[in-house]
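Engineer: sharing a sequence plus its predicted fold:
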Amino acid sequence: MSKQNGPLSSSLKVKGSLPLLLNNCCVLPKTFRAMNFKSLHFLLSIITFFLFLSISTSDEDPSSSSAIISRFQQYLQINTVQPSPKYYEAADFIISQAKSLSLESRTIEFVAGKPLVLLKWPGSNPDLPSILLNSHTDVVPAEHHKWTHPPLGAHIDSHGNIYARGSQDMKCVGMQYLEAIRRLKESGFEPLRSVYLSFVPDEEIGGHGGAEKFAESDEFKKLNVAIVLDEGLPSPGESYRVFYGEKSPWWLVIKAVGAPGHGAKLYDNTALENLFKSIETVRRFRASQFDLIKSGLKTEGDVVSVNMVFLKSGTPSPTGFVMNLQPSEAEAGFDVRLPPTANPESLERRIAEEWAPASRNMTFEFKQKESIYNKFGKPALTAIDKSNPWWNLLEEAVRNANGKLANPEIFPASTDARYFRNLGLPAIGFSPVANTPILLHDHNEFLNQAEFLKGIEVYESIIKAYASYDDDKSTESFTDEL
Ligand SMILES: [Zn+2]
Ligand SMILES: [Zn+2]
């Protein structure tokens, strides 16, 4: 099920040849007098060679900004687009990064063909609970022709914006973790607690073959994790958004049936008429929830969101659809998300009685339906007060990196963090990306390279604070009290 990825290897660092070059320069005047033209030419060639070597090797310095950005681009260029992500390419890339950082690595396949890469930076006190930095390797599809730059190209424009699917969601975070560790190692920092990094598959299709199985596994138990960090959202402003809970996805399909007939005939009880009545009811509910946000009475994280994501009906023909036949079946799909404060029973009643009433022969099914409660029957929320030392450490660490946290929120969509919160573990959603429009799942997703680099410093500060935190009571209160 799981395999080690070979022995640890130390990082290979190519240094420039500047000292040698300077030595050459210093002896130049004296040597010059004693030289004929041929040997002078020879000496100049050598100098030019070392100058060239110095410039070209400084580009290869793994800590340089250009090397960091180029590694990010490489990861973005790997096609991990759902529904056919090239997971092994991503795994190979991550393992090669781990080797260059002397991190231990392991690949676990909870589902065949869906590797999860687990990296470890061992702490000096293995008895202390560990830190888990989670990120998903898959990305959602893109409509290539609607992008200004190809979604797998990682093109950098004149403003330094890197265009790619996954640049915000969430290959950026995976790479920022690794680059922060690179910097910490270079600074000589040694963690007290072990730091694990999990690169998981399938988040974008529910996480069932990835984080869900991982969180339930014995392998996970053995890691003795105290705190999980996972993705957040970019912040359009200066302050970093941060999340302590999230909405639960209910992916709902409503089905209508009705009498078929001539396309020219007006009659009652057609499938599409029945479906339209439901769609109108859902639309009114959606507007009522949205109005609560618009009026300022509630925030995005407090309301139920519902959006229609597909409509399916009609009788196909070689030229499109048959135009003079009213279909006998129709269905619509809705992405519904419930905040932790929702009343799931009341929403389910609403669906059965108003959105898909049996009185109109309507039926419904859930493609996904997750509880808002953790396994202890309590809302799956991470404490954001003094009772949670990890929260205070995060606030302080971000401040130390000259960043500011916005007020903590409920994540409006879903992330793998929910599988860890379900265990009663604290999990914080945080992407250190500010001054950036939110373009997750949108066209032209991009991230500015300067913002990406700044985020590495923020993680450096967080990982340092977390991995140094010396209190073995840090997990006790989280398993059953939330
Ligand atoms: Zn994501
Ligand atoms: Zn996503």
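Structural biologist: Here it is on my side, so go on. Ligands and ions are numbered 1, 2, ... in the order given.

Engineer: ok, now which ones touch the spatially most central residue of the chain?
Structural biologist: The centroid of the chain falls nearest to M170 when counting by Cα atoms, centre = their mean (2.9 Å). The neighbours of M170, taking Cβ atoms under 8 Å, 6 or more residues apart in numbering as the test, are S135, H136, E231, S431. Quick note: C-beta positions are derived from backbone N, CA and C, even for glycine.

Engineer: of those residues, list those near ligand 1.
Structural biologist: Restricting those to those within reach of ligand 1 (Cβ under 5 Å from the ion) leaves E231.

Engineer: what parts of the stretch 101-250 of the chain come near ligand 1?
Structural biologist: D169, M170, E231.

Engineer: phi, psi of L338?
Structural biologist: phi -100, psi 130 (degrees, to the nearest 10).

Engineer: quick check: closest non-adjacent residue to it.
Structural biologist: S248 (4.8 Å; Cβ to Cβ, 6 or more residues apart in numbering).

Engineer: K114 now?
Structural biologist: K114's closest residue in space is P201 (Cβ to Cβ, 6+ apart), at 4.2 Å.

Engineer: quick one: pLDDT of that neighbour?
Structural biologist: On the pLDDT scale, P201 is placed at 98.

Engineer: strands of the stretch 251-400 of the chain, start to end?
Structural biologist: Taking DSSP state E, counting those that start in this stretch as the test, the strands found in the stretch 251-400 of the chain are 261-262, 305-313, 316-317, 320-321, 325-326, 329-338, 363-369.

Engineer: so which elements touch the first one?
Structural biologist: In this structure, strand 261-262 makes packing contacts with strand 325-326, judged by 3 or more Cβ pairs under 8 Å, 6 or more residues apart in numbering; DSSP states H and E.

Engineer: so A427 touches A383, yeah?
Structural biologist: No. Under the criterion of Cβ atoms under 8 Å, A427 is not in contact with A383, lying 11.1 Å apart.

Engineer: who has more neighbours out of these two?
Structural biologist: Set A427 next to A383 and count neighbours by other Cβ atoms under 10 Å: A427 wins out with 31 against 16.

Engineer: can you name the two of the contacts of M170 that sit furthest apart?
Structural biologist: H136 and S431 (12.1 Å; Cβ to Cβ).

Engineer: shared neighbours, the two?
Structural biologist: Shared contacts of H136 and S431 (Cβ under 8 Å, 6+ apart): M170, E231.

Engineer: which residues touch the residue nearest to L338?
Structural biologist: R337, L338, P340, A342, E370, S371, I372, S414, R418.

Engineer: quick one on the thing from earlier: for PyMOL, what selects the buried ones among the contacts of M170?
Structural biologist: Here is the PyMOL selection string for the buried members of those, based on 16 or more other Cβ atoms under 10 Å:
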select buried, resi 135+136+231+431
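
Engineer: and the contacts of S248, which of them are in helices?
Structural biologist: R418 (DSSP state H).

Engineer: neighbour-wise, which one of the contacts of S248 leads?
Structural biologist: R418 (26 neighbours).

Engineer: chain neighbours aside, what residue packs nearest to that one?
Structural biologist: E246 (5.8 Å).

Engineer: setting the sequence-adjacent residues aside, check what's closest to K386.
Structural biologist: Nearest to K386 is N392, by Cβ to Cβ, 6+ apart, at 6.7 Å.

Engineer: how many neighbours does the one you found have?
Structural biologist: Residues near N392, counting by other Cβ under 10 Å: 15.

Engineer: distance check, it against ligand 1.
Structural biologist: To ligand 1, N392 is 26 Å away according to Cβ to the ion, to the nearest Å.

Engineer: let me know the pLDDT of that residue.
Structural biologist: At N392, the model reports a pLDDT of 97.

Engineer: do the same with A142
Structural biologist: Reported pLDDT for A142: 98.

Engineer: H443 is in contact with A142, correct?
Structural biologist: Yes. Using Cβ under 8 Å, A142 is in contact with H443, at 7.2 Å.

Engineer: more neighbours, these two?
Structural biologist: A142 (20 against 15).

Engineer: you'd agree the more buried one is in a strand?
Structural biologist: No. Per DSSP: H, G, I helix; E, B strand; the rest coil, A142 lies outside any strand segment and is coil.

Engineer: what separates the residue in the stretch 351-482 of the chain that ligand 1 sits nearest to from S431, distance-wise?
Structural biologist: Of all residues in the stretch 351-482 of the chain, T415 sits closest to ligand 1, at 6.0 Å by Cβ to the ion. Separation of T415 from S431 (Cβ to Cβ, to the nearest Å): 10 Å.

Engineer: looking at the contacts of M170, which is nearest V257?
Structural biologist: Looking across the contacts of M170 and measuring by Cβ to Cβ, the closest to V257 is H136, at 38.3 Å.

Engineer: mind listing the residues bridging to that closest one?
Structural biologist: Residues in a beta bridge with H136, per DSSP bridges, are V200.

Engineer: identify the residues contacting it.
Structural biologist: Applying Cβ under 8 Å, 6+ apart, the residues near H136 are 170, 174, 199-204, 207, 210-211, 231, 416.

Engineer: one more pass at 10 Å, please.
Structural biologist: H136 sits next to 80, 85, 116, 166, 169-171, 173-174, 198-204, 207, 210-211, 230-231, 415-416 when contact means Cβ atoms under 10 Å, 6 or more residues apart in numbering.

Engineer: tell me if I'm right that N361 and E273 touch.
Structural biologist: No. With contact defined as Cβ atoms under 10 Å, N361 does not count as touching E273 (11.7 Å).

Engineer: shared neighbours of these two, which are they?
Structural biologist: A256, G258.

Engineer: thinking again about what came up before, so for S468, which of the strands of the stretch 251-400 of the chain sits nearest?
Structural biologist: Evaluated over those, closeness to S468 peaks at strand 329-338, with 36.7 Å, by Cβ to Cβ.

Engineer: distance from that closest one to the middle of the chain?
Structural biologist: 25 Å (Cα atoms, centre = their mean, to the nearest Å).

Engineer: which residues touch G113?
Structural biologist: P85, Y87, Y88, P201, G209.

Engineer: which of those are buried? Put it as a PyMOL command.
Structural biologist: With 16+ other Cβ under 10 Å as the criterion, this PyMOL line picks the buried residues out of the contacts of G113:
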select buried, resi 85+87+201+209
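
Engineer: could you dump the contacts of G113 to CSV with secondary structure and distance to E190?
Structural biologist: Formatted as CSV, the contacts of G113 follow (DSSP: H, G, I helix; E, B strand; the rest coil; distance: Cβ to Cβ, whole Å):
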residue, secondary structure, distance to E190
P85, coil, 35
Y87, helix, 32
Y88, helix, 32
P201, coil, 31
G209, coil, 35
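
Engineer: smallest gap between the stretch 1-150 of the chain and ligand 1, at which residue?
Structural biologist: Counting by Cβ to the ion, the stretch 1-150 of the chain gets nearest ligand 1 through H136, at 5.6 Å.

Engineer: which neighbours do A142 and H443 share?
Structural biologist: The contact sets of A142 and H443 overlap at P151, R165 (Cβ under 10 Å, 6+ apart).

Engineer: good, we can wrap up now.
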